[in-house]
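*Asks:* What follows is a predicted structure for the sequence shown.
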Amino acid sequence: MNTSYLQCGRYRFDLHEISSRPLVMGILNVTPDSFSDGGQFHSLDLAMSHAEQMIADGVDIIDIGGESSRPGAQSLPLDEELRRVMPLIYALRDCGKPLSIDTYKPEVMREAIAAGADMINDINGFRFEGALRVVNESECALCIMHMQRDPSTMQVDPEYHDVVADVSRFLAERVSACEAAGIESTRLCIDPGFGFGKTLEHNLTLLKSIGRICDELGLPVLAGLSRKSAIGAITGKPVEQRLAGSIAAALSAVAHGASIVRVHDVAETVDALKVWQAVESIKKD
């Protein structure tokens, strides 16, 4: 496939322009219990203010989440997830940036798309019944993520025969399911699912193998490592002190082929990627 652009609802991103840096997806969690920023943006005003700051800082996509998927998290009732995310989607739909909704529930997908969401970011890889039917009725982009088991059990002794081959196989199967449902490949991106049923070694192996996954599936890769436990395990720093490690992980991801990085710290990541892109754009003799 090797798609050269990503159709993201009302927006289109050219992924291989020499002058363009990798895309930055900013995390906007309206949850009381997310591992890093839970409770910080619980009100609409606070969430709106944070979104406006991310826009000023150069964000490309805003990813809204109403249910925590941290290790050990339990499923949130549908009505509560809708109550958290829908007012924010309505408030931001004309902000000039694509809105992504981080959900695995087809009912939330349907309501979010109707309200103006441009992308669905599904940790469950669109496996729930009705999910593909809902998204196929729109032009929104789909981010297909790999997760072993579910958030409540995913970090209990995760095992793989070959983590890169196993993750790639799963993603390829889900891409095929999307295409069989009539979804064009230009609407798809893939996420290896860093931290979702992986040990530190699994995460580092996948990070180093992003290029292989890109080549095998021919789709843009989204990498989400920001502030995660892998960063803490390497640096020994608590979650609130993982900025430097998160930026290093984002740069490593794009150096290995990622097209999108999902981050908490937009301004710092955008600046780091601008420097990286400036170096990469210099032609060799």
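*Replies:* That came through fine. Please read these numbers as outputs of a predicted model, since none were measured by experiment. Numbering: from 1, shown residues only.
*Asks:* In terms of secondary structure, what does the lengthiest strand in the chain contact?
*Replies:* Assignment by DSSP state E gives strand 23-29 as the longest strand of the chain. Secondary structure elements in contact with strand 23-29, counted by 3 or more C-beta pairs under 8 Å, 6 or more residues apart in numbering; DSSP states H and E, are helix 44-56, strand 61-65, strand 260-263, helix 266-280. Backbone N, C-alpha and C define where each C-beta goes, glycine included.
*Asks:* remind me which residues of the stretch 1-150 of the chain are low pLDDT?
*Replies:* 1-2, 17-19, 33-42, 72-73 (pLDDT under 70).
*Asks:* one more time with 90
*Replies:* Scanning the stretch 1-150 of the chain for pLDDT under 90 picks out 1-4, 15-21, 31-46, 68-76, 137, 148-150.
*Asks:* any chance you could map the helices in the stretch 151-285 of the chain?
*Replies:* Residue ranges of the helices in the stretch 151-285 of the chain, as given by DSSP state H, counting those that start in this stretch, are 163-180, 200-208, 210-217, 229-235, 243-255, 266-280.
*Asks:* got the ones you listed as JSON lines, with mean pLDDT and distance to residue 77 columns?
*Replies:* Below are those laid out as JSON lines (pLDDT from 0 to 100; distance: least, C-beta to C-beta, whole Å):
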{"stretch": "helix 163-180", "mean pLDDT": "97", "distance to residue 77": "26"}
{"stretch": "helix 200-208", "mean pLDDT": "97", "distance to residue 77": "31"}
{"stretch": "helix 210-217", "mean pLDDT": "95", "distance to residue 77": "34"}
{"stretch": "helix 229-235", "mean pLDDT": "96", "distance to residue 77": "27"}
{"stretch": "helix 243-255", "mean pLDDT": "97", "distance to residue 77": "31"}
{"stretch": "helix 266-280", "mean pLDDT": "95", "distance to residue 77": "30"}
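*Asks:* Just name the most buried of those helices.
*Replies:* Most buried of those, by mean neighbour count (mean count of other C-beta atoms under 10 Å): helix 243-255, with a mean of 20.
*Asks:* Residues contacting that one, please?
*Replies:* 22, 207, 210, 221, 223, 225-227, 230-232, 234-235, 237, 261, 263-265, 268-269, 272-273, 276 (C-beta atoms under 8 Å, 6 or more residues apart in numbering).
*Asks:* coming back round to it: can you tell me the strand partners of the longest strand of the chain and which way each runs?
*Replies:* strand 61-65 (parallel), strand 260-263 (parallel) (DSSP bridges).
*Asks:* report the angle between the axes of the longest one and helix 266-280?
*Replies:* When you say that, I think you mean strand 61-65. 140 degrees (axes from the mean of the first three to the mean of the last three C-alpha atoms, to 10 degrees).
*Asks:* which element follows strand 61-65 toward the C-terminus?
*Replies:* helix 78-92 (DSSP states H and E).
*Asks:* Tell me which helix or strand comes right after that following helix.
*Replies:* Using DSSP H and E, the next helix or strand after helix 78-92 towards the C-terminus is strand 99-102.
*Asks:* what's the distance between that next one and the middle of its chain?
*Replies:* Chain-centre distance of strand 99-102: 9 Å, with C-alpha atoms, centre = their mean, to the nearest Å.
*Asks:* What is that strand packed up against?
*Replies:* Where contact means 3+ C-beta pairs under 8 Å, 6+ apart, strand 99-102 is packed against strand 61-65, helix 78-92, helix 106-115, strand 119-122.
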